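*Asks:* Sequence and computational prediction follow.
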Amino acid sequence: MIELLRNSQRRHVRRSKHEVWHSFFAEDLPGPLDSGFGFLLAFDELRLSPGDGTEPHCEDEAEIVTYVYKGSLSHADTVGTSGVIHTGEFQRMSAGRCIRHKESSVSRTNSVHLFRISLRPSQAGIDCGYEQKRFTEAQRHNLLCVVASPDGRKGSLQIHQDVLVCSAILDPGHHLVHELATARTAWLHAICGEATVNDLVLTRGDSVGVTNERSVSLTVRENTEILLVDLGPADLRPWEKHSHKNDGRAPRGGL
């Protein structure tokens, strides 16, 4: 089964000089994707204007993979960790309970454009930690480059969950097939470009959730960049999770 989420269906929030697009938004009416997709709790796209930043926000028990698509992003948290993530770099943050975190655009003249993937960790009480790496365009050219995995394979970031996060930069006409092992699912997001998955045409900001399929098959129509999250079997299907609409937590993404 392939669940299509168009760019226009994402929740778009604009505040001050920054914007966020939420693929999953628990404050919406109940639906198959209101609480995420398996272990995938959130898939957000953010744009911060030059010199602007997010309000300090609480990251509660999550594995967070951040990809800076364009620009440079500074980050700091309440346990004293800080740094800068540059274009083409990926960061893994293991957030313990109620770690407050703030991000901002480093440049006073250029905005920053990033993607944030939030995953439910494999166990409660994980230690807070960071890891950051650059994956070049050559490493991601016309193939799925694993940028995060539970075993740190091929130099990828190591995360506390049975999930592979992959990045690819694809040429027109390229055909890509990603095999899915039994009971595994996938979330594929088109950062830019145009491609087809089965008979569905994906353009910038579109996503598909793939379940009960043997593979994800993608044919590229124009220069395209994608993120693909390959997820192990979750203990609950997304639509069977208990809703957290009224638990008082703010939306993810710092907005």
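*Replies:* Happy to help now that I have it.

*Asks:* mean confidence for stretch 127-145?
*Replies:* Regarding stretch 127-145, the rounded mean pLDDT is 92.

*Asks:* distance between the ends of it?
*Replies:* This stretch, stretch 127-145, spans 27 Å end to end (Cα to Cα, to the nearest Å).

*Asks:* list the buried ones in it?
*Replies:* Buried residues in stretch 127-145, counted by 16 or more other Cβ atoms under 10 Å: 128, 130, 131, 132, 135, 139, 140, 144, 145. For glycine as for every other residue, the C-beta is placed from the backbone atoms N, C-alpha and C.

*Asks:* Which of the helices and strands in the protein ranks last by mean pLDDT?
*Replies:* Taking mean pLDDT, DSSP states H and E as the measure, the chain has strand 57-59 as its least confident helix or strand, at a mean of 58.

*Asks:* Check which element follows that one along the chain.
*Replies:* strand 62-70 (DSSP states H and E).

*Asks:* taking the buried residues of stretch 127-145 one by one, which sit in strands?
*Replies:* 130, 131, 132, 145 (DSSP state E).

*Asks:* out of these, what pair is the most spread apart?
*Replies:* Greatest spacing in these, by Cβ to Cβ: 130 and 145 (20.4 Å).

*Asks:* Run the chain-centre distance for the helix or strand harbouring residue 73.
*Replies:* Using DSSP H and E, residue 73 maps to strand 72-77. Computed by Cα atoms, centre = their mean, to the nearest Å, the chain-centroid distance of strand 72-77 equals 17 Å.

*Asks:* packing partners for it?
*Replies:* Packing contacts for strand 72-77, counted by 3 or more Cβ pairs under 8 Å, 6 or more residues apart in numbering; DSSP states H and E, involve strand 82-86, strand 99-105, strand 112-119.

*Asks:* Quick one: residues in contact with the last one.
*Replies:* Under the criterion Cβ atoms under 8 Å, 6 or more residues apart in numbering, residues 39-48, 62-73, 85, 105-106, 159, 161, 163, 165, 189, 191, 227, 229, 252-253 lie in contact with strand 112-119.

*Asks:* Return the list of strands paired to that strand, each annotated with direction.
*Replies:* strand 40-48 (antiparallel), strand 62-70 (antiparallel) (DSSP bridges).

*Asks:* For it, C-alpha coordinates in CSV please.
*Replies:* These are the backbone C-alpha positions of strand 112-119, laid out as CSV (Å, rounded to 0.1, in the frame of the first residue of the first chain):
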residue,chain,number,x,y,z
VAL,A,112,18.9,28.3,6.3
HIS,A,113,16.8,25.5,4.9
LEU,A,114,16.7,22.2,6.8
PHE,A,115,14.8,19.0,7.3
ARG,A,116,14.3,17.3,10.7
ILE,A,117,13.4,13.6,11.2
SER,A,118,12.2,12.7,14.7
LEU,A,119,12.2,9.0,15.6
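
*Asks:* Next, the angle from that strand to strand 82-86.
*Replies:* 110 degrees (axes from the mean of the first three to the mean of the last three Cα atoms, to 10 degrees).

*Asks:* residues in contact with residue 94?
*Replies:* Contact analysis of residue 94 by Cβ under 8 Å, 6+ apart lists 63, 64, 121, 126, 127, 128, 129, 130, 159, 160.

*Asks:* Just give the number of residues close to the closest residue to the first one other than its chain neighbours.
*Replies:* Put plainly, it is residue 63. Spatial nearest neighbour of residue 63, excluding adjacent residues (Cβ to Cβ, 6 or more residues apart in numbering): residue 119 at 4.3 Å. Counted with other Cβ atoms under 10 Å, the neighbours of residue 119 add up to 26.
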